[in-house]
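Trainee: how would this look folded up:
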Amino acid sequence: MIENEKIEALRRDYRSSELLESNVDSDPLVQFSTWFEQALAAEITEPNAMCLATIHNGRPDTRIVLLKGVTGKGFVFFTNYHSSKGRDIQKDNHVSLNFVWLELERQVRIHGIAEMISTEESDRYFYSRPLASQLGAIISEQSGLLASRKDLEDAMVMAEKQYEKNGPVRPPHWGGYLVKPDMIEFWQGRANRLHDRLRYDLHGNEWKLSRLYP
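Mentor: Predicted structure coming up:
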């Protein structure tokens, strides 16, 4: 077991930037896009990796998924609808997202409602994926019990033979979700732990901006 003193001694002072009301957009989705473009420019590894939290039997459950789109309505990701997260969303579609870009000393927290996107949108993305990824989505009973790694690899070999001539069809249980936000918080690390936190809350059709204590 690692000594707690080593963990307690981990400390970094953040001084790279600031986050002021005067330099953010009134629309948090536009502001997110600005920050995301800066994360891309900084060549951060997997800048679209986000923590997705769902409610599972009354308890929070988290995992990392990949953002695949930002629209004027929210944030898009794809998954197996029969997976653990898919079943959670079916029961309670309140979710949270979290992005952390440590190289930029930034974090974004999002609360919202997850809704399935159209079959046409899911088709478009599914058929844009590499063939191996399409086959992986078909053979994986995501979150189900798997007897061995060999069973998974054998299923992949069989799928490659099955769809060698004719390409696969998107399974109806695989597709996208749109997370429609009602709260987005932008966090910028600052010196002496006096961080900047700006939160947008949706009231009707308008976003209200507030500053929070760090």
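Trainee: please report how far residue 125 lies from residue 69.
Mentor: With distances taken as C-beta to C-beta, to the nearest Å, residue 125 is found 8 Å from residue 69. The C-beta positions use only the backbone N, C-alpha and C, and glycine is treated the same way.
Trainee: meant to ask about residue 147
Mentor: The gap separating residue 147 from residue 69 is 35 Å, by C-beta to C-beta.
Trainee: more neighbours: which of those two?
Mentor: Using other C-beta atoms under 10 Å as the criterion, residue 147 and residue 69 rank with residue 69 on top: 15 against 7.
Trainee: number of nearby residues for the residue lying closest to that one once chain neighbours are set aside?
Mentor: Leaving aside its chain neighbours, residue 69 sits nearest to residue 76 (3.7 Å; criterion: C-beta to C-beta, 6 or more residues apart in numbering). Using other C-beta under 10 Å, residue 76 has 18 other residues around it.
Trainee: what's the helix or strand for residue 76?
Mentor: Using DSSP states H and E, residue 76 sits within strand 75-80.
Trainee: any idea of the mean pLDDT for that strand?
Mentor: Mean pLDDT, strand 75-80: 98.
Trainee: and for stretch 21-29?
Mentor: Mean predicted lDDT for stretch 21-29 stands at 97.
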